[in-house]
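Sequence isn't available, so here's the structure alone:
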């Protein structure tokens, strides 16, 4: 399913993992070179994101230009049911809050809750960067409405998504040849 909490661990949200991940940067693979390039910028407290993209594989470059805040860019395709019912930022925040509440913060349970609430939805990717940092991750965007957000909590426990780091992208299918 979406696996956003397990994906945070993969991209290094633990303090020790973050430091080691940012200390080592790998050269891009030939597979990454074949993907479409995409840039996302995070600053307190908003993302600069393309609003519309063709579906496909992307070599996403994530830049955190914040001075003091870690940020993660998480993208999930909402599936047809949630794409039809989640149309505002307030509705998206309510969905994330419901997933968190019903799962009790357990990552496996959050995947199951998301799958139940948004059938057909999928995890598209996640990228983390500390202040002034950057990251490079592979994302696969599927057609439909994609929700992006930063779930990292501020010092008072408020998720960055509640401070403005949340929004939607529309992912469309490219027409195929005759």
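Received, thanks. Since we're looking at a predicted model, the values are computed, not measured.

Helix or strand with the lowest mean pLDDT in the protein?
Least confident helix or strand of the chain, by mean pLDDT, DSSP states H and E, is helix 15-23 with a mean of 30.

give me phi/psi at the closest residue to residue 163 other than its chain neighbours?
Nearest residue to residue 163 in three dimensions, chain neighbours excluded: residue 45, at 4.0 Å (Cβ to Cβ, 6 or more residues apart in numbering). The C-beta positions use only the backbone N, C-alpha and C, and glycine is treated the same way. Per-residue torsions, residue 45: phi -120, psi 80 (degrees, to the nearest 10).

Correct me if wrong: residue 45 contacts residue 167.
No. Using Cβ atoms under 8 Å, residue 45 is not in contact with residue 167; the gap is 11.7 Å.

The one residue sitting closest to the centre of the chain bridge partners, please.
The residue lying closest to the centre of the chain (Cα atoms, centre = their mean) is residue 74, at 1.1 Å. Per DSSP bridges, the residues bridged to residue 74 are residue 126, residue 149.

I'd like the numbering to begin with 805 instead of 1 from here.
With the count now opening at 805, the last piece we talked about shows up as residue 878.

Quick check: pLDDT value at it.
With respect to pLDDT, residue 878 scores 97.

quick one: it and residue 956 touch, right?
No. Counting by Cβ under 8 Å, residue 878 does not reach residue 956; the two are 9.7 Å apart.

As a check, name the ranges of all helices in the protein.
808-815, 819-827, 834-838, 883-889, 893-907, 911-921 (DSSP state H).

hey, least reliable of these by pLDDT?
Comparing mean pLDDT across those, the weakest is helix 819-827, with a mean of 30.

so what's the closest residue in space to residue 940 that isn't next to it in sequence bridging to?
Leaving aside its sequence neighbours, residue 940 sits nearest to residue 865 (Cβ to Cβ, 6+ apart; 5.5 Å). Bridge pairing for residue 865 (DSSP bridges) gives the partners residue 843, residue 940.

ok, now which ones touch residue 851?
844, 845, 877, 952, 954, 969, 971 (Cβ atoms under 8 Å, 6 or more residues apart in numbering).

closest to residue 891 among the residues you listed?
Minimum distance to residue 891 across these is 12.1 Å, recorded for residue 971 (Cβ to Cβ).

Cool, thanks, talk later.
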